[in-house]
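*Asks:* My questions are about this predicted structure, shown below with the sequence.
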Amino acid sequence: MSFQPVHLGSIQDGVKSLSLLSKLTIVVFTRSRPAFARRQAEFWGGRLPTLLILDNGMEPWSSAVVAGLGSNVHYSHDEGGFYRQMRQCGELVETEYAILIDDDNLLVEEGLEACILELESRAEFIAVSGQAAVLRYLRGRVILEPAYTENFRFSNKSPKVEERISLQFNPYRHTGWYAVQRTSTFRVLLPVVSEVSEHTPCAYTAEIGLELGLVILGATTTIPHLTLIRSVENPPEDDAFH
């Protein structure tokens with residue numbers, strides 16, 4: 001399956017403006033990769049969403065850099081690590097909706113708006129994700145390719161928890177980590193995922209735990225709008241988990 005123009009362009013249908021983005025907080029976890037996190041700050045500074053940068057690296061940003069951030073950009077440094085910040089970040093979110101993102105990935109404004117619109121019109125869903133693409137640099141060319149195509153129009157809304165778990169994990173579908181969540185869900189979910197994942201040897205337990213926690217808490221869905229652009233040329237940020 002490949003993206004057709006409708007997948008990128010149909011976001012205009014029902015999305016007349018980006019005003020709903022003022023209801024969203026984008027949470028960026030970062031560690032010792034200031035260039036990526038500052039790129040997020042530069043892009044989102046002055047735009048409608050709130051950007052929350054949670055840095056668990058050894059050295060905080062200088063006061064001059066922090067002072068120069070946009071009024072909608074908030075920076076927090078804590079050497080206590082990724083899991084402690086995960087436990088705390090829900091209380092830092094003051095908007096109706098929240099989404100997680102790695103520091104080197106990109107989000108598409110129109111796709112985020114479409115996710116929020118879906119949540120506003122469909123009370124049965126606690127989280128909505130869009131479609132994803134991967135970005136790579138190959139022989140002087142920037143390549144954008146569809147990713148997670150198995151999730152296209154995937155909805156997980158069985159009234160039975162065990163059925164939602166089975167549908168999410170057999171086969172495994174990576175939809176929750178980059179979903180727009182209701183903040184009420186976000187605040188419950190992240191501390192639990194942190195407590196469960198912190199003492200496991202695998203760096204990606206948090207991802208699996210979040211996917212599991214979401215489908216236990218309620219129904220989720222994906223919509224046909226490009227929301228996430230993943231960078232696959234950078235090394236994994238595994239150190240952020242330790």
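*Replies:* Thanks, I have the structure now.

*Asks:* was I right about Leu107 contacting Ile99?
*Replies:* Yes: counting by Cβ atoms under 8 Å, Leu107 touches Ile99, with 7.3 Å between them. (C-beta placed from N, C-alpha, C; glycine too.)

*Asks:* so where do the helices sit in this structure?
*Replies:* Using DSSP state H, the helices of the chain run over 5-9, 34-44, 63-67, 82-92, 109-121, 161-169, 183-197, 205-217.

*Asks:* tell me what the fifth one is packed against?
*Replies:* Applying 3 or more Cβ pairs under 8 Å, 6 or more residues apart in numbering; DSSP states H and E, one finds that helix 109-121 contacts strand 97-102, strand 125-138, strand 180-182, strand 219-231.

*Asks:* quick check: angle from it to strand 125-138?
*Replies:* Between helix 109-121 and strand 125-138, the angle comes out at 170 degrees (axes from the mean of the first three to the mean of the last three Cα atoms, to 10 degrees).

*Asks:* Verify the stated contact: Leu228 with Val108.
*Replies:* Yes: Leu228 lies in contact with Val108 (Cβ under 8 Å); the separation is 7.4 Å.

*Asks:* Next, show the common contact partners of the two.
*Replies:* Gly130 (Cβ atoms under 8 Å, 6 or more residues apart in numbering).

*Asks:* Give me the more crowded residue out of the two.
*Replies:* When Leu228 and Val108 are compared for neighbours, Leu228 comes out ahead with 24 against 19, by other Cβ atoms under 10 Å.

*Asks:* how far is stretch 163-178 from where the chain is centred?
*Replies:* Averaging C-alpha positions (Cα atoms, centre = their mean, to the nearest Å) puts stretch 163-178 16 Å from its chain's average.

*Asks:* neighbouring contacts of it?
*Replies:* Residues from elsewhere that reach stretch 163-178 (Cβ under 8 Å, 6+ apart): 99-101, 105, 127, 129, 132, 148, 150-151, 154, 156-158, 207, 210-216, 219-220, 222, 227-228.

*Asks:* List only those of the residues you listed flagged as buried.
*Replies:* Neighbour counting with 16 or more other Cβ atoms under 10 Å marks 99-101, 105, 127, 129, 132, 148, 151, 154, 156, 207, 210-215, 219-220, 222, 227-228 as buried within the contacts of stretch 163-178.

*Asks:* Please identify the residue most distant from the middle of this structure.
*Replies:* Going by Cα atoms, centre = their mean, the residue of the chain most distant from its centre is Arg139, 29.3 Å out.

*Asks:* Look up phi and psi at that residue.
*Replies:* When quoted as degrees, to the nearest 10, the phi and psi of Arg139 stand at phi 50, psi 50.

*Asks:* Look up how far His77 lies from Tyr83.
*Replies:* 15 Å (Cβ to Cβ, to the nearest Å).
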